[in-house]
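S.K.: how would this look folded up:
(2 chains)
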Amino acid sequence: GIQVEQSPPDLILQEGANSTLRCNFSDSVNNLQWFHQNPWGQLINLFYIPSGTKQNGRLSATTVATERYSLLYISSSQTTDSGVYFCAVEVGGFKTIFGAGTRLFVKA
Amino acid sequence: DAGVTQSPTHLIKTRGQQVTLRCSPKSGHDTVSWYQQALGQGPQFIFQYYEEEERQRGNFPDRFSGHQFPNYSSELNVNALLLGDSALYLCASSLKAGTSRNEQFFGPGTRLTVL
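M.R.: Okay, here's the model as predicted:
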């Protein structure tokens, strides 16, 4: 089956720093989403981005479907950005596969 | 606009028991998917329901079963609970599967502990 790999697995940033999270997938996908999971377990939608580039405030994402990767950019990080970031891809129209996540900690 | 809701929030069961978890989708959504998230891991797809039928299933045994009701709400049932079933169970809703915009929205989850 399809493999979804996220990097880095862990990331520690000083408040105000920028970062790039990467998601590689091994086969064609129907769509791709980025989520932020807060400490209480809630998955928060960041981007629905099967291809192209989108921006939302300090966050932006780019998916290059032909090269099977997606990038999530976080600029001017804040302590509230801490948590786990997941990439999830949909295959076959009905099944969604998550990566293992990137655990981000932003220090004040 | 009500988001995805799940009940109960927490649940403690013993090995061998059965459990039922419930999910109400976001208003306007007709497709429900269930996921299991073990501690420190990403969510694992269990199955998806659309038009009251299971459309796709992940790598989970038959002890995991589900149901979707005419109002699109859904239940996840797990029989003969094992210690390894302890996890956060997440429900996601979306518009009709296979459409050009199948963005999923997640509920807060049910944390199941099996003793």
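
S.K.: who touches the spatially closest residue to residue B:30 that is not a sequence neighbour in this structure?
M.R.: Among residues not flanking residue B:30 along the chain, residue B:72 sits closest, at 5.2 Å (CB to CB, 6 or more residues apart in numbering or on different chains). In this view, the C-beta of every residue, glycine as well, is placed from N, C-alpha and C. By CB atoms under 8 Å, 6 or more residues apart in numbering or on different chains, residue B:72 lies in contact with B:25, B:29, B:30, B:31, B:32, B:93.

S.K.: how close does the spatially most central residue of chain B sit to residue B:4?
M.R.: For chain B, the residue nearest the mean C-alpha position is residue B:34 (2.9 Å; CA atoms, centre = their mean). For residue B:34, the distance to residue B:4 equals 11 Å [CB to CB, to the nearest Å].

S.K.: Run through the strands of chain A in chain order.
M.R.: Counting by DSSP state E, chain A has these strands, from start to end: A:4-7, A:10-14, A:19-25, A:31-37, A:43-48, A:52-56, A:59-64, A:69-74, A:83-91, A:95-98, A:102-107.

S.K.: Next, format those strands as CSV and append distance to chain B, mean neighbour count and mean pLDDT.
M.R.: Below are these laid out as CSV (distance: least, CB to the nearest CB, whole Å; neighbours: other CB atoms under 10 Å in any protein chain shown; pLDDT from 0 to 100):
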stretch, distance to chain B, mean neighbour count, mean pLDDT
strand A:4-7, 8, 19, 97
strand A:10-14, 11, 14, 97
strand A:19-25, 11, 18, 98
strand A:31-37, 6, 22, 96
strand A:43-48, 4, 18, 96
strand A:52-56, 12, 12, 97
strand A:59-64, 13, 19, 98
strand A:69-74, 15, 20, 98
strand A:83-91, 6, 23, 95
strand A:95-98, 4, 22, 94
strand A:102-107, 9, 17, 97
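
S.K.: Nearest to residue B:84, out of these?
M.R.: Closest to residue B:84 of the strands of chain A, according to CB to CB: strand A:95-98, at 18.6 Å.

S.K.: Show me what the closest one is packed up against.
M.R.: Under the contact definition 3 or more CB pairs under 8 Å, 6 or more residues apart in numbering or on different chains; DSSP states H and E, strand A:95-98 sits against strand A:83-91, strand B:31-37, strand B:44-50.

S.K.: and the angle for the second one with strand A:83-91?
M.R.: Put plainly, it is strand B:31-37. With axes from the mean of the first three to the mean of the last three CA atoms, to 10 degrees applied, the angle from strand B:31-37 to strand A:83-91 works out at 130 degrees.

S.K.: still on that earlier bit, give me the phi and psi for the residue nearest to residue B:30.
M.R.: With angles defined as degrees, to the nearest 10, residue B:72 sits at phi 80, psi -10.

S.K.: Ok, the one 10 residues further on next?
M.R.: Comment: the main-chain dihedrals of residue B:82 come out as phi -110, psi 160, following degrees, to the nearest 10.

S.K.: Which residues are in contact with it?
M.R.: Applying CB under 8 Å, 6+ apart, we find residue B:82 in contact with B:15, B:114.
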